[in-house]
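K.L.:
Just need the structure, nothing else, for what follows:
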Amino acid sequence: MTTLSLLHESDFCLWATKSAELIKAGKFKELDIEHLVEEVESMGASEKRALESRLIELMQHLLKWQFQPEKRESSWEISINKQRVGIEKILQDNPSLKYNLNERIIDCYQYARRYAAIETKLPLKKFPEECLYSLEQLENFDFITRL
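P.N.:
So this is what the prediction gives:
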C-alpha cells in the first residue's frame, strides 16, 4: 500500500487534497488510482441518490397534500417547493440524470406512497399504486394549487 492509499483510510479530506495537488502537478504515477476511481464512481451514485431522495420527499408531501386536505400545513407546501428547487439544481448540475427520469419517478413513487401511508396513518391501498404525477407536474411550482 502506498502512503497516499493509507491516507485514504485515515484522513479522507487530506487524501482528497493531496490527490488534487498531484493531478494539478501532472504527477499521475503518484496517484492512488484504485481509490480515486472508487471515489469518482461514488460521486455519481451520490448525486443519483440525492435526486431520488428529493423525488421521494416531494411525492410523499404531494400525496399527503392530496389525500389529507384537512391537515394541510404551510410546512408541507414549503417542503414541496424546497424539494422542487433541489431537484432543479441537481438536474442543472447533472443533466445526464434526466436520462430515465420518468422510470426513476415511477420507482420513487412506490417509496413515497409507503412513507405517506405511514405518516398519515392511512391504509396503503388509499394511495393509488400507479404514480399520480408526471415529470411536468413535479417540476411545476403551481401544480400544488390544483390538488
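K.L.:
then the lowest-mean-pLDDT helix or strand in the chain to CSV, C-alphas only?
P.N.:
In the chain, the helix or strand scored least confidently by mean pLDDT, DSSP states H and E is helix 3-10, which has a mean of 89. Below are the C-alpha coordinates for helix 3-10, written out as CSV (Å, rounded to 0.1, in the frame of the first residue of the first chain):
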residue,chain,number,x,y,z
THR,A,3,1.3,6.3,1.6
LEU,A,4,-1.5,8.0,-0.3
SER,A,5,-3.5,4.8,-0.2
LEU,A,6,-3.1,4.6,3.6
LEU,A,7,-4.1,8.2,3.9
HIS,A,8,-7.4,7.4,2.2
GLU,A,9,-8.2,5.2,5.1
SER,A,10,-7.1,7.5,7.9
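K.L.:
Tell me the helix or strand right after it.
P.N.:
Scanning forward in sequence from helix 3-10 by DSSP states H and E, the next helix or strand is helix 12-24.
K.L.:
in the longest helix along the chain, what counts as buried?
P.N.:
Taking DSSP state H as the criterion, the chain has its longest helix at helix 33-67. Neighbour counts over helix 33-67 (16 or more other C-beta atoms under 10 Å) mark 35-36, 39, 47, 50-67 as buried. All C-beta atoms are positioned from the backbone trio N, CA, C, and that covers glycine.
K.L.:
same deal with stretch 2-17?
P.N.:
Neighbour-count burial for stretch 2-17 [16+ other C-beta under 10 Å]: 4, 7-8, 15.
K.L.:
again with stretch 103-123
P.N.:
Quick answer for stretch 103-123 (16+ other C-beta under 10 Å): 104-105, 108-109, 111-113, 115-117, 120.
K.L.:
Just those: which are in helices?
P.N.:
Those of these lying in helices (DSSP H): 104-105, 108-109, 111-113, 115-117, 120.
K.L.:
Of those residues, which is the nearest to Gly86?
P.N.:
Checking these against Gly86 by C-beta to C-beta gives Cys108 as the nearest, at 13.5 Å.
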